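A.B. asks: coordinates only, sequence not included:
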C-alpha cells in the first residue's frame, strides 16, 4: 500500500523502507517493525495519491530467507515469484487507507547514499532531515 499511495510520477524521490520481524532461537517471531522514509524534498510536498493494490496468487512466490542479526534472525516481509503471475483482484486505496502515513520519515538523499555506500548492510541508515 505504501508504494500505491506515493506519487513518484510527480514527486521524484528515493525510498528506504522495511518490514521486519525478529526471530528468537526457539522460533518465536516478534511483532512487525515498520520503517518508511522518502526524500525530504518530496515529503515536504505531501506526495500522496490514490493507487491500486494487486492481490496475487501465492503459489509461485518464495519468501526472502531470514537474515542473521547477532543471535537472532530478521524475517523480512518480502517475497518474489520467479515467473509472471496474473492478479486475482485489485483494490483501490488512498492515503487515508495507509495506517502509517503520519510515520513516513524524510531523509536527505545525499546522506542516505553516503550511508549505504559506507555500510551496505547497515539498514535503516537513518538520516535526520532539517
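C.D. replies: Arrived safely. Computed from a prediction, not measured in an experiment: that's the story for all the values here.

A.B. asks: Distance check, residue 111 against residue 39.
C.D. replies: As judged by C-beta to C-beta, to the nearest Å, residue 111 and residue 39 stand 11 Å apart. Glycine gets a C-beta too; all of them are placed from N, C-alpha and C.

A.B. asks: residues touching residue 9, list them.
C.D. replies: For residue 9, the contact set (C-beta atoms under 8 Å, 6 or more residues apart in numbering) is empty.

A.B. asks: Any figure for the gap between it and residue 47?
C.D. replies: Per C-beta to C-beta, residue 9 is found 10 Å from residue 47.

A.B. asks: next one: residue 11
C.D. replies: Distance of residue 11 to residue 47, computed by C-beta to C-beta: 4 Å.

A.B. asks: which one of the two has more residues nearby?
C.D. replies: Neighbours per residue, other C-beta atoms under 10 Å: of residue 11 and residue 47, the larger number sits with residue 47, 21 against 18.

A.B. asks: got the contact list for the more buried one?
C.D. replies: So residue 47 contacts 6, 7, 8, 10, 11, 13, 38 (C-beta under 8 Å, 6+ apart).
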